[in-house]
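Q: Everything below, folded, please.
(one chain, ligands or ions: 1)
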Amino acid sequence: MATSVLVLGAGFGGMELATVLSDELDEAEVTLIDKGDSFVFGYSKLDVMFGREPAAAVKLPYAEFTKPGVTPLREEVTQIDPEAKRVVTDSGEHEGDHLVVALGADYDFDATPGLAEVDSEFYSVAGAEKMAAAIPEFSQGRAVIGVCGAPFKCPPAPSEAALLLNDDLISRGVRDDCEITFLMPLPSPVPPSPETSEALLAEFADRDIHFVPGARIA
Ligand SMILES: Cc1cc2nc3c(=O)[nH]c(=O)nc-3n(C[C@H](O)[C@H](O)[C@H](O)COP(=O)(O)OP(=O)(O)OC[C@H]3O[C@@H](n4cnc5c(N)ncnc54)[C@H](O)[C@@H]3O)c2cc1C
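A: Just a heads-up that it's a prediction; the model follows:
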């Protein structure tokens with residue numbers, strides 16, 4: 001009998017595991033459960049934010065994910081029994097010989113007072129879409145790109161946003177009318193990679209992007 005594997009979450013982790021199991025096992029019976037209808041690469045949110053792609057173009061529907069032995073289900077996981085390897089979803093119950101939890105990390109917008117009201121983040125697709133509407137309206141004044149706490153997903157992404165904003169303002173001929181400040185709670189842009197951090201700091205200096213290390217938005 002084929003071994004059954006329940007994979008909860010079809011983000012990077014769940015999709016990669018389901019793919020490897022399908023490729024490596026002769027008989028895989030993988031159930032891949034996600035509450036969403038499509039996969040989005042994290043970096044695509046920057047493309048959406050700067051109007052390079054519409055959100056619809058970066059959503060990769062799970063329905064088109066056809067790997068032998070993998071059944072994608074659109075359901076929301078509401079309970080996990082790790083010992084019985086059983087999960088409850090909004091549509092029913094599932095059991096497997098193996099259970100893998102790959103549900104990612106949620107954002108805690110309420111942890112930073114005012115953040116929800118400011119409504120200007122690019123870490124969700126919906127947020128990136130709102131930024132795509134707001135950025136073309138910004139043509140003078142001060143822009144602050146800030147990180148509200150650590151650890152956070154994708155340490156290079158805020159640096160990418162600062163550099164792309166710089167490019168965007170130049171392309172619209174308004175860079176001289178705008179300031180870009182980048183606040184980071186960590187001591188450097190990408191602490192695990194000192195070389196990357198050094199290269200980024202040089203690029204920020206070249207582009208007049210004001211980098212403030214060790215500053216967490218409260
Ligand atoms: C702006 C940005 C840029 C990035 N750029 C890069 C990059 O260039 N390179 C890189 O390697 N990484 C990048 N990342 C980081 C990368 O996206 C994350 O590290 C990665 O998504 C984490 O994978 P994961 O599988 O752990 O979680 P996720 O990808 O978050 O997946 C979790 C999945 O679980 C689902 N889920 C959650 N709760 C439930 C529930 N109760 N029921 C059912 N389903 C549920 C979610 O819908 C989601 O699909 C970026 C991230 C961001 C935000």
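
Q: Specify the local secondary structure of the residue nearest to Val100 when sequence neighbours are not counted.
A: The spatial neighbour of Val100 that comes closest, neighbours along the chain excluded (C-beta to C-beta, 6 or more residues apart in numbering), is Val7 at 4.8 Å. All C-beta spots, glycine's among them, are computed from the backbone N, C-alpha and C. Each residue gets one of three states, and Val7 gets strand by DSSP: H, G, I helix; E, B strand; the rest coil.

Q: Pull the contacting residues for the closest residue to the ligand within the chain.
A: Taking C-beta to the nearest ligand atom as the measure, the chain has Gly11 as its residue closest to the ligand, at 1.8 Å. Contacts for Gly11 (C-beta atoms under 8 Å, 6 or more residues apart in numbering) come out as Asp34, Phe39, Ala102, Leu103, Gly104.

Q: so how far is Asn166 from the one residue sitting closest to the centre of the chain?
A: Central residue of the chain (C-alpha atoms, centre = their mean): Gly42, 3.9 Å from the mean position. In this structure, Gly42 and Asn166 are 21 Å apart, going by C-beta to C-beta, to the nearest Å.

Q: And Phe41, by the same measure?
A: Applying C-beta to C-beta, one obtains 23 Å for the distance of Phe41 from Asn166.

Q: Those two - which one has more neighbours?
A: Ranked by neighbour count (other C-beta atoms under 10 Å), Phe41 and Asn166 place Asn166 first, with 20 against 11.

Q: Next SSE downstream of the lengthiest helix in the chain?
A: In the chain, with assignment by DSSP state H, the single longest helix is helix 156-171. Once helix 156-171 ends, the next helix or strand along the chain (criterion: DSSP states H and E) is strand 178-183.

Q: Nice, that's everything, thank you.
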